[in-house]
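Peer 1: Need coordinates for the following:
(2 chains)
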2 protein chains.
Amino acid sequence: MKTNRRRERTTSHRTDVNFLPPGLEGGQYRPLSDEAVWQIHAAALTVLERTGVEVQESECRDILQAAGARVDARRNRVYLSPELVEGTLKLANRRVVLYSRDEKFDLHLHGKRVHLGTGGAAVQVLDLVSGRVRESCLRDLYDLGRLVDTLNNIHFYLRPVVPRDVANDDIDVNTFYASLAATGKHVMGGCYFPEKVAELKKIGVLIAGDEKSFLARPFFSLNLGYMVSPLRFARETLETVTLAIRAGIPIVLVSAAQAGATAPASLVGTLVQTIAEELAGFTYVQLVRPGHPTLMGGMPLVSDLRTGSMIGGTAELALMNAASTQMAHFYGLPIYNTCGITESKLPDIQAGFEKGLTIAVTALAGAHFNHHAAGMLESLLTVAYEQYIIDDDIGGQVMRLVRGLEVNEETLSLEVIDEVCNGEGHYLGHPQTLALMQSEFHYPHTADRGTRRDWEEKGSLDMRGRARLQAQQLLQTHYPQLFSPALDQQLRDSFNILLPRDQMAA
Amino acid sequence: MKTNRRRERTTSHRTDVNFLPPGLEGGQYRPLSDEAVWQIHAAALTVLERTGVEVQESECRDILQAAGARVDARRNRVYLSPELVEGTLKLANRRVVLYSRDEKFDLHLHGKRVHLGTGGAAVQVLDLVSGRVRESCLRDLYDLGRLVDTLNNIHFYLRPVVPRDVANDDIDVNTFYASLAATGKHVMGGCYFPEKVAELKKIGVLIAGDEKSFLARPFFSLNLGYMVSPLRFARETLETVTLAIRAGIPIVLVSAAQAGATAPASLVGTLVQTIAEELAGFTYVQLVRPGHPTLMGGMPLVSDLRTGSMIGGTAELALMNAASTQMAHFYGLPIYNTCGITESKLPDIQAGFEKGLTIAVTALAGAHFNHHAAGMLESLLTVAYEQYIIDDDIGGQVMRLVRGLEVNEETLSLEVIDEVCNGEGHYLGHPQTLALMQSEFHYPHTADRGTRRDWEEKGSLDMRGRARLQAQQLLQTHYPQLFSPALDQQLRDSFNILLPRDQMAA
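Peer 2: Here you go, the predicted structure:
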């Protein structure tokens, strides 16, 4: 009997239903009071009106001036009134969807819906075979994308590495080609040169079949560092922003100030500056094209003030990114923020706790688009293949946290408790237990839950060791064919595609 | 100039002020709505009235019956009315302090004040020299206590291991002797036999000097598993509870139901049962001695339903322990709960993320007494010396999270932003930065924040390796002399003390 039950529990474990779908609602963690949210908003408006933003002579400056912003041409500063900022903010898109080639991976970025994904742009990889650090290359972009394509708790693919083996002029096109060839999930990347926006759009149109189809469901987006903190519009990137808006490609307005270096050492001061920077960006976007799909990309970072270097795996960073999420909820805007960074050079216990803590916190705050949540090591310099496998398990736990507790008559279980206490005295065999074992509990794929004996018999591997084996196995087998041969030929005829076709199959 | 500033930042780093003192207020994370809290409370009252609690014939049963509880003697069940439960609950102590020999370590367990500490009772240790697993012994209890004595973010010492080299009859006395000799922080432990309560009290009185002094500031407490889930009073332990109450020793009412095994598979159902168990315990305590210092010890656990074994490093456990914290806040009672468990067999990345995630979550919920928050591996079976060093760093990050963001005119930094944007363009040299560098940011002792080159030059050790070296160094030097020679002699004359005196000095 006991054996039968155990067998029943073991065999009835289903993996075809995802009880932790992307987009579960967070928001249970709120580092800011409602009053504090208002104070930060008011302070950001004051900064924009009084301190203003540096903008060189440009189309952007002309557009802001035409909308009523006061320009000090001698000092290249533009001052934005609360009326202008709040007036344009009303026009912002509050139902942004980042589409995917495969509809089931669409990211609906409203409410407090949580998604986890990769980030970049690292310049190094821990080689999966040697374990040693080396420069990242185009093949890594494709292979990491294939891994991510198989992992349930990594919901989008932001290009994690810079292909150091590709010439600058070819980077943008090849980054998007390799990423889109590797995964059907939403792809995001940068755009190094304004003139490449048109080429990227052409890739999108070729893949979608025609322009209308691409514009209806653009399946990639651009994260653009339009702001050099503190409060300076980046002239060339702003050109890219403008071109992307006009091309119909969704964008993220990335501003990544470092508390104590490019923003105040006061974490709250850094939030104020970040929100001011984001509001300036949103004002500009609405003036170019009201409602263009745009994410707030204020992702406050931290400096180690003893050395001045950027530090990512910290409580302070998690606090600020959770707080900026609350600000985004206040505005009703989608937010792109950062978590999962670690200063560790390898997937060790430091990497583990820095990731577990920061990802849990920003996800529970309800951040829509948590990037860097998979793969990162050594601040933002390095990624490791096995880290994606590990971070998918972390993501599973985090999404389970986000799902939270559902309190209703059934879950309160009064009948179940009464039956068991007046009967068998144990719940393992109760029908409720069998009914809930898949939906109520999340089961990791790589975290160890066996006995010490089991673990020793399997070779006493730590989680990193197990994840390396899994990554190797997945890479040997998973080659999604996302481009038809005809489409692939078309892309190769149109662009200088550098990923050899023979690397794209087993 | 630049060099001077960097030197100023480096040398002005102070370590004599603790900006993250024990008892910072949590509560920013709330997994339950207010309505859900009420629903769980009402359901727990229903369970106590309708399903009742199993109580064998005993003084406890007589006391409950005398207070008006309905007893079904044939089925050994006692049914508690809402009036009895809520009436006695009013008498509970809501300002519990767990004292320490050194006043600065007193634990004030009210509001949402957060403390982190060790847990037990493991039966194995990863040997610090060989790295291999072995049985735990009395010397470990003393040595682990000495480590904890030096670590800022481990606020109390709950005996982490069972001394396997001590006969049952000598365990209780020797556990408390070794722990109290090792650290001035609050000590908590079990009590295997009711008749040992008097001996433990005698240790307390000898150390305090007289009974009155001990009772004014009892510096140790007992965590007692008075409940065998589901809903059965443990007869013998309840005797210990009663004796401890009468001896004036603070207690924790530990009930540790496992969802899906000894409690419903529904997490909410497990909470209902746990709260019912705790309320039954609190009713009894008030009937014996109203206001006796007592902690709620409902710490819901999770079973892996595929195997039935207890699993601790999970989102489900963190969710339930955060929710039971909210229930404790609702009652205004101090809570002892669990976090920091991992199923990993060693301090690897799995141990890291399971700890980071679960400790952050229960601390942010505002749990007063988070045990297992340092040292644990392999569910609750094993501890490792280096894990205490590592978990102290995790604790630092968690306490920084708990401290949160202070929003006020000064932290909003409007003047600072204006000065920098109209001046130097960088915050590193601003007076605010120097003023805040110690108070606003937490600096870990073992987590790596250097460059890859620095790290390689220091031997490319992972965090575990660095922590092992630190533990070895601390153990060689830190021998707190907490008993005068005369007191030690008195203790050795009174009891069969097994820790050799020559192990208690460098």
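
Peer 1: And the helices in the stretch 401-506 of chain A, which stretches?
Peer 2: Using DSSP state H, counting those that start in this stretch, the helices of the stretch 401-506 of chain A run over A:409-412, A:414-421, A:431-436, A:452-457, A:463-477, A:485-494.

Peer 1: can you list contacts of the shortest one?
Peer 2: Just to be clear, that refers to helix A:409-412. A:L405, B:Q39, B:I40, B:A43, B:S266, B:L267, B:V268, B:G269, B:V272 (Cβ atoms under 8 Å, 6 or more residues apart in numbering or on different chains). All C-beta spots, glycine's among them, are computed from the backbone N, C-alpha and C.

Peer 1: unless I'm mixing things up, A:C191 is touching A:T175, no?
Peer 2: No. With contact defined as Cβ atoms under 8 Å, A:C191 does not count as touching A:T175 (9.1 Å).

Peer 1: thinking again about what came up before, find the one among the helices of the stretch 401-506 of chain A with the highest mean neighbour count.
Peer 2: Most buried of the helices of the stretch 401-506 of chain A, by mean neighbour count (mean count of other Cβ atoms under 10 Å in any protein chain shown): helix A:414-421, with a mean of 20.

Peer 1: how far does stretch A:109-116 sit from the chain's center?
Peer 2: 11 Å (Cα atoms, centre = their mean, to the nearest Å).

Peer 1: Can you give me the buried ones in it?
Peer 2: A:L109, A:G111, A:K112, A:R113, A:V114, A:H115, A:L116 (16 or more other Cβ atoms under 10 Å in any protein chain shown).

Peer 1: what's near enough to touch the residue nearest the centre of chain A?
Peer 2: Taking Cα atoms, centre = their mean as the criterion, A:H371 is the residue nearest the geometric centre of chain A, at 2.4 Å. Counting by Cβ under 8 Å, 6+ apart, A:H371 touches A:G117, A:T118, A:G119, A:F156, A:L158, A:M188, A:Y336, A:N337, A:T338.

Peer 1: which SS class is it?
Peer 2: strand (DSSP: H, G, I helix; E, B strand; the rest coil).

Peer 1: pLDDT wise, what is it at?
Peer 2: Model confidence at A:H371, given as pLDDT, is 98.

Peer 1: so which helix or strand takes in A:A276?
Peer 2: Assessed by DSSP states H and E, A:A276 sits inside helix A:267-288.

Peer 1: before we move on, back to that, kindly reformat the contacts of helix A:409-412 as TSV and extend each row with distance to A:P485.
Peer 2: Converted to TSV, those look like this (distance: Cβ to Cβ, whole Å):
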residue	distance to A:P485
A:L405	50
B:Q39	59
B:I40	59
B:A43	61
B:S266	51
B:L267	50
B:V268	53
B:G269	55
B:V272	59
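
Peer 1: Could you pull out the strands in the stretch 301-450 of chain A for me?
Peer 2: A:301-304, A:309-311, A:336-338, A:369-374, A:376-377, A:382-384 (DSSP state E, counting those that start in this stretch).

Peer 1: before we move on, back to that, nearest residue to the residue nearest to the centre of chain A other than its sequence neighbours?
Peer 2: A:G119 (3.9 Å; Cβ to Cβ, 6 or more residues apart in numbering or on different chains).
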